[in-house]
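>>> Turn this into a model:
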Amino acid sequence: MRLSELEAVVESLLFIAGDAVPLASIAQTIELDKATAKAVVLALADKYEKEKRGLRIVEIEGSYQMCTAAECFEYIRNMYKSPQRQGLTQSLLETLAIVAYKQPITRAQIEEIRGVSSDHAVAKLVEKRLICEVGRGDTPGRPILFGTSNEFLRYFGFKSIGELPPLEEETDEENGDILTT
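Now for the predicted structure:
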């Protein structure tokens, strides 16, 4: 199969999926090894980018998804007359940062770090699909463990959680402890 034909197949796979498709699934479907399949996906993504198309192919933790180009957002919004995407409040951002850097984490651990109840913030972040349940703790009551979702990666433009900026470290002058802020 020629490159243009492979790109057409990959394009249709990503379009119809509507969600991120693992590279292994793409490779298996087009009957190529992962490295070659990745080269096909990246070649197609590069074409979309260079031609300033209305769609983009983005990588999310080793998976690929077709998305609309950011520069088209206003036009899409106008077409559907949807309200602008609401930002995140300070409490939601604090809670999301805690989850992102400390995941997997329970609601009680989040509240211990924040010093206030986080029921509302956690519920809103789950509703916005920025965090999700990733398991259960081994402590009594088996509390829900939360982690960031693929929607979190899309929202902030990360390919993986490893792209989070490192936390700054400060030293507590009084007793020499290292504090992470």
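>>> where in this protein is pLDDT low?
81-86, 169-181 (pLDDT under 70).
>>> now the helices for it?
3-17, 23-30, 34-50, 73-80, 90-102, 107-114, 119-127, 150-156 (DSSP state H).
>>> So what touches the longest one?
What it means is helix 34-50. 3, 6-7, 10-11, 23-24, 26-27, 30, 32, 53, 55-58, 64 (CB atoms under 8 Å, 6 or more residues apart in numbering). Using the backbone N, CA and C atoms, a C-beta is placed for each residue, glycine as well.
>>> ok, of the residues you listed, which come out buried?
6-7, 10-11, 23, 26-27, 30, 32, 56-58, 64 (16 or more other CB atoms under 10 Å).
>>> and the most centrally placed residue in the chain, what does it touch?
The chain has Leu153 as the residue nearest its centroid, 1.7 Å off, counting by CA atoms, centre = their mean. Each residue near Leu153 by CB under 8 Å, 6+ apart is listed here: 60-61, 159-161.
>>> From Ala43, how far out is it?
Leu153 sits 23 Å away from Ala43, going by CB to CB, to the nearest Å.
>>> How about Leu145?
Taking CB to CB, one finds Leu145 at 39 Å from Ala43.
>>> mind checking how far Val9 is from Leu3?
11 Å.
>>> Which residues belonging to stretch 88-96 are considered buried?
Buried, per 16+ other CB under 10 Å, within stretch 88-96: 88, 92, 94-96.
>>> Return the member of the residues you listed nearest to Arg77.
Using CB to CB, Leu88 comes nearest to Arg77 of the buried residues of stretch 88-96, at 18.3 Å.
>>> Isn't that closest one up against Leu96?
Yes: counting by CB atoms under 8 Å, Leu88 touches Leu96, with 6.8 Å between them.
>>> Comparing Leu145 and Ala43, which shows the higher neighbour count?
Leu145 (18 against 14; other CB atoms under 10 Å).
>>> Leaving aside the residues adjacent along the chain, what's closest to that one?
Pro104 (3.7 Å; CB to CB, 6 or more residues apart in numbering).
>>> Next, count neighbours for that neighbour.
16.
>>> need the contact list for it.
134-135, 145-147.
>>> thinking again about what came up before, show me which of the buried residues of stretch 88-96 is closest to Ile76.
So of those, ranked by how close each gets to Ile76 (CB to CB), first place is Leu88, at 21.0 Å.
>>> Quick check: the closest one vs Ile98, distance?
For Leu88, the distance to Ile98 - CB to CB - is 13 Å.
>>> that older thread, between the helices of the chain, which one is closest to Glu168.
helix 90-102 (11.6 Å).
>>> rewinding a little: which one of the buried ones among the contacts of helix 34-50 is nearest to Phe73?
Taking CB to CB as the measure, Phe73 sits nearest to Arg56 out of the buried ones among the contacts of helix 34-50, at 11.8 Å.
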